[in-house]
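1. coords below, sequence missing:
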């Protein structure tokens, strides 16, 4: 970053440590700043630096909490991440993957989940802070976002069994596979997202990743644009 460009700080509300890790790498690549400040709001780190347990239910709960509202006092923006893989299986999440016309498009599913999160936040408070809130809705998991780094075909756009496809390439390229949500796996798997050139090459190749980075671009305008042929 040049001296006159100050990278904003981000609080991250996410399902877990792995999701926080991927988002931090994405934000570092987007702003071209490896020292970007990302604060874990949910789940939090304990005194040893270990992330506490999380999940989609904790994300929904946190968005409705006083802690969420107070977090705007000490961070510039808040990113809210949640997967959609089980959104249709639990009444407390309650977002179907289908409507009367068939399976929802990625865009419609993301829109529905955003509406759910806004409801939990509280529409009035959301209206006050909406310019500081970014939604990272992963259809159907954050592993799907990593696939464009490893594939050049239609698998970049996958939304199901993304971890299985990702592990095939990780074993081939890095000699390991992800069998638990450990951050060191995700640092290695998604590290290229921290490189602006790589992120610019791949951000539009998975549908819900494209929505997230497009949201960043509308807010910050750092030149992540599609050519007329893409």
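-> Noted; the coordinates are in hand. If you're wondering where the values come from, they're calculated on a predicted model, not measured in any experiment. Numbering: from 1, shown residues only.
2. Give me the three-state assignment for residue 95.
-> The local conformation at residue 95, judged by DSSP: H, G, I helix; E, B strand; the rest coil, is coil.
3. mind checking how far it is from residue 213?
-> 22 Å (Cβ to Cβ, to the nearest Å). C-beta: built from backbone N, CA, C; applies to glycine.
4. who has more neighbours, those two?
-> Legend: neighbour count by other Cβ atoms under 10 Å for residue 95 and residue 213, higher for residue 213 (23 against 19).
5. Need the pLDDT of the more buried one.
-> pLDDT, residue 213: 98.
6. Would you check that my belief about residue 215 contacting residue 131 is correct?
-> No: contact criterion Cβ atoms under 8 Å: residue 215 and residue 131 do not qualify, at 11.7 Å.
7. Between the two, which is the more surrounded one?
-> Higher neighbour count among residue 215 and residue 131: residue 215, with 18 against 9, using other Cβ under 10 Å.
8. in the protein, which segments are predicted with low confidence?
-> Filtered on pLDDT under 70, the chain yields the residue ranges 1-5, 47-51, 227-230.
9. now the strands for it?
-> 10-13, 38-42, 77-83, 98-99, 102-103, 133-138 (DSSP state E).
10. Tell me how far residue 204 lies from residue 46.
-> Residue 204 is 37 Å from residue 46, by Cβ to Cβ.
11. ignore the last one, residue 36
-> Distance, residue 36 to residue 46, using Cβ to Cβ: 23 Å.
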